[in-house]
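**Q** Following is a predicted model, sequence given first.
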Amino acid sequence: MATVIRFRQHGKRGRHHFRLIVTDSRKARDSEYLELLGHYNPADKENKPVIKKDRIMHWLKTGAELSLSARNILKKEGIIKEFSEYRASLPAAKKHQSKKKKAAVKPAV
């Protein structure tokens, strides 16, 4: 399953607030989700998101993708920088765990 971290929209028209969730990438924006990771209210005077940093790091380490708006918020909070430092500390073999391609067998002519 391809997972994505993105926002789920709530609130009245013109007074939206958002929940940061992890969900299957094929699901609709406001459908069911796997886990609630935080919330963000842009109308709040402090304009500070409340996020579960350890759970976001867990999902990023397991391969979850980020939506553009979620990436911007996490970049402001410093989580993207922390994750990139984590990725840089890994050995090269773990960074690229791609499957080895099987050698193509040519039929005898």
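**A** All right, it came through fine.

**Q** From now on I want contacts and neighbour counts done on CA atoms only, so please keep to that.
**A** Fine.

**Q** The nearest residue to residue 39 once chain neighbours are set aside is in what secondary structure piece?
**A** Nearest residue to residue 39, sequence neighbours excluded (C-alpha to C-alpha, 6 or more residues apart in numbering): residue 19, at 4.1 Å. Element membership of residue 19 [criterion: DSSP states H and E] is strand 15-24.

**Q** could you dump that strand to PDB, C-alpha only?
**A** Output of strand 15-24 as PDB, limited to C-alpha atoms (Å, rounded to 0.1, in the frame of the first residue of the first chain):
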ATOM      1  CA  ARG A  15     -13.100  28.900   8.500                       C
ATOM      2  CA  HIS A  16     -11.200  25.700   7.700                       C
ATOM      3  CA  HIS A  17      -8.900  23.800  10.000                       C
ATOM      4  CA  PHE A  18      -6.900  20.800   9.000                       C
ATOM      5  CA  ARG A  19      -5.800  17.400  10.400                       C
ATOM      6  CA  LEU A  20      -2.500  16.000   9.400                       C
ATOM      7  CA  ILE A  21      -3.100  12.300   8.600                       C
ATOM      8  CA  VAL A  22      -1.500   9.300   7.000                       C
ATOM      9  CA  THR A  23      -3.600   7.500   4.500                       C
ATOM     10  CA  ASP A  24      -3.600   5.200   1.500                       C
END
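
**Q** what comes up buried for it?
**A** 17, 18, 19, 20, 21, 22, 23, 24 (16 or more other C-alpha atoms under 10 Å).

**Q** Now do the contacts for the second one.
**A** Yep, that's residue 18 we're talking about. 7, 8, 9, 10, 39, 40, 41 (C-alpha atoms under 8 Å, 6 or more residues apart in numbering).
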